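[1] Quick one: sequence plus predicted model below, questions after.
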Amino acid sequence: MYAQGLIGEKLEATEDDAFLKRFQDRIDAGDIIEPMDEMPAAYRRTLIRQMSQHAHSEIVGMHPEGNWVTRAPTLRRKLQLLAKIQDEAGHGLYIYSATETLGVSREELVEQLLSGKAKYSSVFNYPTLTWADIAVIGWLADGAAIMNQIPLCRCSYGPYARAMVLVCKEESFHQRQGYEAMVALMNGSPEQRRMGQDAVNRWWWPCLMMFGPSDTQSANSAQGMKWKIKNFTNDGLRQKFINATVPQAQHIGIEIPDKGLHFDEETKTWVHGEIDWEEFWRVVKGEGPCNRERLAARQEAAAEGAWVREAMLAYAEKQEARSTKTAA
Amino acid sequence: MPEKTTPLYEVFLRPRNGLAHRHVGSLHAADDVMALQSARDVYTRRGEAGSIWVVRSDSIIATNPADKDVDFAPSDPEHKPYRHPTFYKIPPEVGHM
């Protein structure tokens, strides 16, 4: 996830000042908001949007990885990948059900994804061309996701925070298995090392973009932080991620594909070069390399699974009718 | 024709005997059997449970957050401190009680 969840949202509240003050006081006091509590409509709307985009991202995120299940280099790597993909499905479901506590149905949310109305993280609109891409997704994309999700474990909305605790526990395995696969590649043949470097070259920038637009471009940051549904700024999290990742890359002989990257002795941080925000907005708006393919895959899965859902409900109804008859 | 929706279930796990079942989240399922199976797949992939309870969400009867004060103020320790052991002064010579 997915600081991109607030893009385009209008966070101005519409309730009277007394109501808003009462709500803000609860938040400031560290109170956690639970489903049936009163809350500003904009808080509810923003959370529905942020959480459902997060859930959609988990679901769509299975596609780039699914591409390599049958071609994983060993049985061990294949099992890891299957387990990781199953986790992503689980994460999607945790977050969908947490979102439903805000009074929206999962069917509505899925429909918004299928119609293209709802977004998901831009990073999943890039193709997985080689096995090394799977290693890099675990290491960098999941690494970036964890940076985003850990602060959300303390967000002000209870069901979201609790879902994030579950997700973060599991996500740590994702990142570690990715880095381990990366280490294996970088200790391999020159060809394998080239493959590893090539994958980082293609994924580094899309992963930095996962943190969302720069704070100077992100009008919603301040309100999101006031409501504690966002505990760090986009740029702040991005910086934390870079600082954590550069030494990991150096350790295995990976060169970060950023000519402007340098260590600032004074602030003890890695300063990154210019991010191509035009590319970011292009991908967010549907013009990335795989946007159409991802959406088509979700639509196909929904259509192909329709008869299963129908049969499931028909069976449940039949069982129900039978038990009523026996009882009567 | 819009698809019919599946009912919502709440999921409770007991990590091992000796502990209570604890709410972990919810899920959709067409019937009780499917709810149990889904709960196992969605919430217990790493040995989190030795026992699972699922219950239809619409079967849960809950207090209303708006009535929180009416319901719970009477049991507030500030109002009835005498219900707590620390309210009572014991001569120090007596030691731990």
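    Looks like it came in fine. Numbers count the residues shown, from 1 in each chain, chains lettered A, B, ... in the order given.

[2] From here on, just use CA atoms for contacts and neighbour counts.
    OK.

[3] Please list all residues in contact with A:I150.
    For A:I150, the contacting residues are A:164-165, A:168, by CA atoms under 8 Å, 6 or more residues apart in numbering or on different chains.

[4] If we use 7 Å, what do you get?
    Counting by CA atoms under 7 Å, 6 or more residues apart in numbering or on different chains, A:I150 touches A:C168.

[5] okay, residue 41: pLDDT?
    You didn't say which chain, so I picked chain A. A:A41 is assigned a predicted lDDT (pLDDT) of 95.

[6] sorry, should have said chain B
    For B:D41, pLDDT reads 95.

[7] ok but it is inside a helix, no?
    Yes - note on B:D41: a helix contains this position according to DSSP: H, G, I helix; E, B strand; the rest coil.

[8] how about the strands of chain A, start to end?
    Counting by DSSP state E, one finds strands in chain A at the ranges A:262-264, A:269-271.

[9] Which secondary structure element of chain A has the lowest mean pLDDT?
    Taking mean pLDDT, DSSP states H and E as the measure, chain A has helix A:221-226 as its least confident helix or strand, at a mean of 86.

[10] Sort out which residues of that helix are buried, please.
    A:221-224 (16 or more other CA atoms under 10 Å in any protein chain shown).

[11] Comparing the strands of chain A, which comes out most buried?
    The highest mean neighbour count among the strands of chain A, using mean count of other CA atoms under 10 Å in any protein chain shown, belongs to strand A:269-271: a mean of 17.

[12] Give me the sheet partners of it and which way each runs.
    If you go by DSSP bridges, strand A:269-271 pairs up with strand A:262-264 (antiparallel).

[13] Give me the residues contacting the strand it pairs with.
    A:269-272.

[14] likewise stretch A:273-289?
    So stretch A:273-289 is contacted by A:122, A:125-126, A:209, A:258-261 (CA under 7 Å, 6+ apart).

[15] Could you pull up the mean pLDDT of it?
    pLDDT averaged over stretch A:273-289 gives 96.

[16] Also stretch A:184-198?
    For stretch A:184-198, the mean confidence score works out to 98.

[17] still on that earlier bit, neighbour count, pLDDT and distance to B:P85 added to the contacts of stretch A:273-289, as JSON lines?
    Listed next are the contacts of stretch A:273-289 as JSON lines, based on neighbours: other CA atoms under 10 Å in any protein chain shown; pLDDT from 0 to 100; distance: CA to CA, whole Å:
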{"residue": "A:S122", "neighbour count": "25", "pLDDT": "96", "distance to B:P85": "57"}
{"residue": "A:N125", "neighbour count": "25", "pLDDT": "97", "distance to B:P85": "61"}
{"residue": "A:Y126", "neighbour count": "17", "pLDDT": "98", "distance to B:P85": "62"}
{"residue": "A:M209", "neighbour count": "26", "pLDDT": "97", "distance to B:P85": "56"}
{"residue": "A:D258", "neighbour count": "14", "pLDDT": "97", "distance to B:P85": "64"}
{"residue": "A:K259", "neighbour count": "10", "pLDDT": "96", "distance to B:P85": "67"}
{"residue": "A:G260", "neighbour count": "10", "pLDDT": "96", "distance to B:P85": "65"}
{"residue": "A:L261", "neighbour count": "15", "pLDDT": "97", "distance to B:P85": "62"}
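
[18] Tell me which stretches of the chain form helices.
    If you meant another chain, say so; for now it's chain A. All helices of chain A, identified by DSSP state H, fall at A:17-28, A:41-60, A:62-66, A:75-100, A:106-114, A:131-136, A:142-152, A:158-186, A:190-209, A:221-226, A:234-251, A:277-282, A:291-304, A:306-327.

[19] I was after chain B.
    Using DSSP H, helices in chain B cover B:32-43, B:68-72.

[20] Residues of the stretch 201-328 of chain A that sit close to chain B?
    A:312-313, A:316 (CA under 7 Å from any CA of the partner chain).

[21] Please state the offset of the helix-or-strand element of chain B with minimal mean pLDDT from the chain centre?
    One helix or strand of chain B scores below all others by mean pLDDT, DSSP H and E: helix B:68-72, with a mean of 91. Helix B:68-72 has its C-alpha centroid displaced from the chain centroid by 18 Å (CA atoms, centre = their mean, to the nearest Å).

[22] got it, and stretch A:182-192?
    28 Å.
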